[in-house]
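Undergrad: Return a 3D structure for these sequence lines:
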Amino acid sequence: MTVGKNYPVYINDGTYSSPEWVRLCRISEVSISRSKSTNDVMLHCSASKKKAIGYKENSVTMKYTVKKTTATGVTDTVFDMISDSFENDTVLDMAFMNGTLTASTTRQGYRGPMICTKLDRSQADEEAVTYDLEFAEVEDEQSGNIWDFGPYQVVTGA
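TA: Alright, predicted model coming up:
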């Protein structure tokens, strides 16, 4: 059985062509939703209704537990990237993989340009402060080409 905690999520802190993946360790309840729109097609010579396939839609939801700020001023840089995405529409290059990106591995998953569209804070009295996050795929160009959320593979060296 494969468990969700073994499927890590990453944000790229480098460039698109030379990614530097930062793992989101303080997350839970990750859900990746991929769907396609459809429209009915009715033809005179057919007794059956058909479907025309439209565009794909990709979104992600998760919970994020905020890191405690220490007396030495250590802050939560991952949350800062997520918050910046929400507040300033900063595009995040995100990857959702089928295992940790370690030496001598091949991992598969999805990668795409996302923006945080929901940042709901929950602070129950005796529980950790958490955020319900939602990410939506957005338009982004790399080297003059529009790139889509889709299959992605990483092969790491020894």
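Undergrad: use CA for all of it now, contacts and neighbours both
TA: Fine.
Undergrad: Can you show me the helices along this protein?
TA: In the chain, the segments counted as helices under DSSP state H are 77-88.
Undergrad: what's the helix or strand bottoming out on mean pLDDT in it in contact with?
TA: Lowest by mean pLDDT, DSSP states H and E among the helices and strands of the chain is strand 141-142, with a mean of 73. For strand 141-142, the surrounding residues in contact (C-alpha atoms under 8 Å, 6 or more residues apart in numbering) are Tyr16, Trp147.
Undergrad: same thing but at 7 Å, please
TA: Contact with strand 141-142 is made by Trp147, as judged by C-alpha atoms under 7 Å, 6 or more residues apart in numbering.
Undergrad: ok, now stretch 103-121?
TA: 82, 85-86, 89-99, 101, 130-138, 140, 148-158.
Undergrad: among the residues you listed, which are in strands?
TA: With strands defined by DSSP state E, the entries of the contacts of stretch 103-121 inside them are 92-97, 130-137, 150-155.
Undergrad: Grab the nearest non-local neighbour of the residue nearest in space to the middle of the chain.
TA: For the chain, Met94 is the residue whose C-alpha lies nearest the centre (C-alpha atoms, centre = their mean; 4.8 Å). Among residues not flanking Met94 along the chain, Ile11 sits closest, at 4.6 Å (C-alpha to C-alpha, 6 or more residues apart in numbering).
Undergrad: Thr105: neighbour count?
TA: Counted with other C-alpha atoms under 10 Å, the burial measure for Thr105 works out to 14 neighbours.
Undergrad: what does Val91 give?
TA: Close neighbours of Val91, defined as other C-alpha under 10 Å, add up to 21.
Undergrad: Kindly provide the distance from the residue of the chain most remote from its centre to Glu139.
TA: What lies farthest from the middle of the chain is Cys45; by C-alpha atoms, centre = their mean that is 44.0 Å. To Glu139, Cys45 is 40 Å away according to C-alpha to C-alpha, to the nearest Å.
Undergrad: go on, Leu43?
TA: 35 Å.
Undergrad: Neighbour count for the two, which is higher?
TA: Glu139 (13 against 10).
Undergrad: can you tell me which residues contact the more buried one?
TA: Counting by C-alpha under 7 Å, 6+ apart, Glu139 makes contact with Ile146.
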